[in-house]
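1. Sequence first, predicted model second:
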Amino acid sequence: MGDAVVEGRMDERPDALDTRAQAATPPLPHHTLWTVQVLRGVAALMVVLGHSQSAVGAVVASDGQVFVRSTLVPWGAGVDLFFVISGFIIVHASGRLFGRAGARRDFVTRRLIRIVPLYWLVTTLFLALLAVATLKGGGRFPGSLAILASYAFLPADTYGEGRLFPVFDLGWTLNYEILFYALLGLVVALPRHRALVTLGVMLALLVAVGQAAPLPAALWFWTRPIILDFGLGVVIGALVARRLELPPALRLAVAVVGITVLLADPAHVFDGPVGMTVANAWPRVLFAGIPVAAVLAAALLGPEPRMPQVAAPFTRVGDASYSLYLFHPFALIAMEKAAQKLSVVREAPGWLLVLVTVTAAIALALAVYRWVERPMTRAITIKFAPRRSDAFSTVEDPSHDDPTPAIPSPDRKAKRVPAGAGAGSNLS
């Protein structure tokens, strides 16, 4: 999944360390993991489609028309799929890292390189937009403490509205991602089985504490049941590491049941009105996290078939899923600004606007991934983690070895998000 720094005594050669580590840890079964990339692409498109419908609905309403968003698919469940995939892929990618000397430093270095630079870049760009809007009298600029909290991945009520969103509100899910990395970083130096059991216990204890005791806002945020989505992915990673294979008929049945429950949304988790955030509570875990985990398990607990040609575009979107997650609001902002200035945009059919906006978001993401994210990640990796080793299983390109979540929301009602300010955050 990526390169890693090998840490050992100065008188030991890196290849000697690698040999001992490989002897101590059985290799993982080979997976091309195109199925994971497809699911990442599907998750990203779910998020973008959901957010685009919210943004287009606001534009159409401003022209006195009505746009009815589709509820056929629970679009916000894309975040649960991202979280479950994240739990799986990090465990799978770190397969040869467990129990190694220097494991903690290798793991933390890789994760920070993967997540931080692009997020800091997009946060800085968004702050620049906010500054321009504030100078024009069209928005509030956040305080310095809120800005620092955003860069530090700390939950904060940026605008004093009871919403624990950072300056760039999509980034609050990365606060969950960083929590997960921190917990795994604490145990990654242990043998795999002990590390994963300890990680599962820590996740369960956090949720239990959050349910049992009143907590300050930041701690409350980190104890929401949605963090168990990561745990579901960890379980799948452990089963794959043990080479568990389900019979084909059972895999199909598990996938069908998972998809059926997800689409039915029996608890009505995702069909709230626009402007309401989705609670990261038990119903979300039960009726989104577990169903998407079932789909992922069905895809991975058995031989991976040859990739059909029709899946190729989804793997490309999966590759660029982090860029798509972070940059798609800029496509929404561009559509909203165009609608303010051009009547032809305001009067266009709602679903045509959605199609154009989603297409623009994908094109922007692919460009950012190719020209910004990938070269930037490679350059920083070479500088801070230059030596290649077998500490990580090489199942895909190191520049996209980690799925990133979409935007769910805290267990609180949210005010309408102003157009262009994190557009689309209502749906997930």
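-> On my side now, so go ahead.

2. all helices for the stretch 301-428 of the chain, in order.
-> 312-319, 321-341, 343-346, 350-368, 374-384 (DSSP state H, counting those that start in this stretch).

3. With mean neighbour count added, can I get these in JSON lines?
-> In short, each C-beta sits where N, CA and C put it, glycine included. Below are these laid out as JSON lines (neighbours: other CB atoms under 10 Å):
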{"stretch": "helix 312-319", "mean neighbour count": "19"}
{"stretch": "helix 321-341", "mean neighbour count": "22"}
{"stretch": "helix 343-346", "mean neighbour count": "13"}
{"stretch": "helix 350-368", "mean neighbour count": "19"}
{"stretch": "helix 374-384", "mean neighbour count": "15"}
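
4. For these, which has the smallest mean pLDDT value?
-> For the helices of the stretch 301-428 of the chain, mean pLDDT drops lowest on helix 343-346, to a mean of 91.

5. between the helices of the stretch 301-428 of the chain, which gets nearest to residue 174?
-> helix 321-341 (9.1 Å; CB to CB).

6. Export only the CA atoms of the closest one, formatted as CSV.
-> The C-alpha trace of helix 321-341 is given here as CSV (Å, rounded to 0.1, in the frame of the first residue of the first chain):
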residue,chain,number,x,y,z
SER,A,321,-11.7,9.7,-4.3
TYR,A,322,-9.8,11.8,-1.8
SER,A,323,-9.4,14.6,-4.3
LEU,A,324,-13.1,14.2,-5.2
TYR,A,325,-14.1,14.4,-1.6
LEU,A,326,-12.1,17.5,-0.9
PHE,A,327,-12.6,19.4,-4.1
HIS,A,328,-16.2,18.7,-5.2
PRO,A,329,-17.6,21.6,-3.1
PHE,A,330,-15.7,24.0,-5.4
ALA,A,331,-17.7,22.6,-8.4
LEU,A,332,-20.8,23.2,-6.4
ILE,A,333,-19.7,26.8,-5.6
ALA,A,334,-19.0,27.4,-9.3
MET,A,335,-22.4,26.1,-10.3
GLU,A,336,-24.1,28.4,-7.7
LYS,A,337,-22.1,31.4,-8.8
ALA,A,338,-23.0,30.7,-12.4
ALA,A,339,-26.7,30.5,-11.5
GLN,A,340,-26.5,33.9,-9.7
LYS,A,341,-25.2,35.5,-12.9
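
7. and it, what other elements does it pack with?
-> When contacts are defined as 3 or more CB pairs under 8 Å, 6 or more residues apart in numbering; DSSP states H and E, helix 321-341 sits against helix 34-62, helix 103-135, helix 343-346, helix 350-368.

8. chain center to the third one: distance?
-> Distance of helix 343-346 from the chain centroid (CA atoms, centre = their mean, to the nearest Å) equals 33 Å.

9. How many residues are close by the closest residue to residue 300 other than its chain neighbours?
-> Leaving out its chain neighbours, the residue that sits closest to residue 300 by CB to CB, 6 or more residues apart in numbering is residue 240, at 5.5 Å. Neighbourhood size, residue 240 [other CB atoms under 10 Å]: 21.

10. try residue 161
-> 11.

11. How about the secondary structure of it?
-> coil (DSSP: H, G, I helix; E, B strand; the rest coil).

12. rewinding a little: any idea of the mean pLDDT for whichever strand or helix holds the residue nearest to residue 300?
-> Following DSSP states H and E, one finds residue 240 within helix 228-241. The average pLDDT within helix 228-241 is 97.

13. how far is the helix or strand that it is followed by from where the chain is centred?
-> Once helix 228-241 ends, the next helix or strand along the chain (criterion: DSSP H and E) is helix 248-264. Averaged C-alpha coordinates place helix 248-264 at 23 Å from its chain's average position (CA atoms, centre = their mean).

14. Please apply the same query to stretch 290-301.
-> 17 Å.

15. deepest of the helices and strands packed on helix 321-341, which one?
-> Across those, averaging neighbours per residue (mean count of other CB atoms under 10 Å) puts helix 34-62 on top, at a mean of 24.

16. what's the following helix or strand after that one?
-> Next along the chain from helix 34-62, counting by DSSP H and E, comes helix 78-93.

17. quick one on the thing from earlier: closest to residue 186 out of the helices of the stretch 301-428 of the chain?
-> helix 374-384 (20.9 Å).

18. Specify the angle between the closest one and helix 321-341 in degrees.
-> 140 degrees (axes from the mean of the first three to the mean of the last three CA atoms, to 10 degrees).

19. angle of helix 374-384 against helix 350-368?
-> 30 degrees.

20. one step back: out of the helices of the stretch 301-428 of the chain, which comes closest to residue 66?
-> Here helix 350-368 is closest among those (CB to CB), at 8.4 Å.

21. Quick one: list the elements packing against that closest one.
-> helix 34-62, helix 312-319, helix 321-341.

22. if we go to 7 Å?
-> Packing partners of helix 350-368 (3 or more CB pairs under 7 Å, 6 or more residues apart in numbering; DSSP states H and E): helix 34-62, helix 321-341.

23. Could you export that helix as PDB, CA atoms only?
-> Output in PDB follows, covering the C-alpha atoms of helix 350-368 (Å, rounded to 0.1, in the frame of the first residue of the first chain):
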ATOM      1  CA  GLY A 350     -32.700  20.400 -12.200                       C
ATOM      2  CA  TRP A 351     -31.300  17.000 -13.200                       C
ATOM      3  CA  LEU A 352     -29.400  18.500 -16.000                       C
ATOM      4  CA  LEU A 353     -27.700  20.800 -13.500                       C
ATOM      5  CA  VAL A 354     -26.900  17.800 -11.300                       C
ATOM      6  CA  LEU A 355     -25.400  15.900 -14.200                       C
ATOM      7  CA  VAL A 356     -23.200  18.900 -15.300                       C
ATOM      8  CA  THR A 357     -22.100  19.600 -11.700                       C
ATOM      9  CA  VAL A 358     -21.200  16.000 -11.000                       C
ATOM     10  CA  THR A 359     -19.300  15.700 -14.300                       C
ATOM     11  CA  ALA A 360     -17.400  18.900 -13.500                       C
ATOM     12  CA  ALA A 361     -16.600  17.700 -10.000                       C
ATOM     13  CA  ILE A 362     -15.200  14.400 -11.400                       C
ATOM     14  CA  ALA A 363     -13.100  16.200 -14.000                       C
ATOM     15  CA  LEU A 364     -11.700  18.600 -11.400                       C
ATOM     16  CA  ALA A 365     -10.900  15.700  -9.100                       C
ATOM     17  CA  LEU A 366      -9.100  13.700 -11.800                       C
ATOM     18  CA  ALA A 367      -7.100  16.800 -12.600                       C
ATOM     19  CA  VAL A 368      -6.200  17.500  -9.000                       C
END
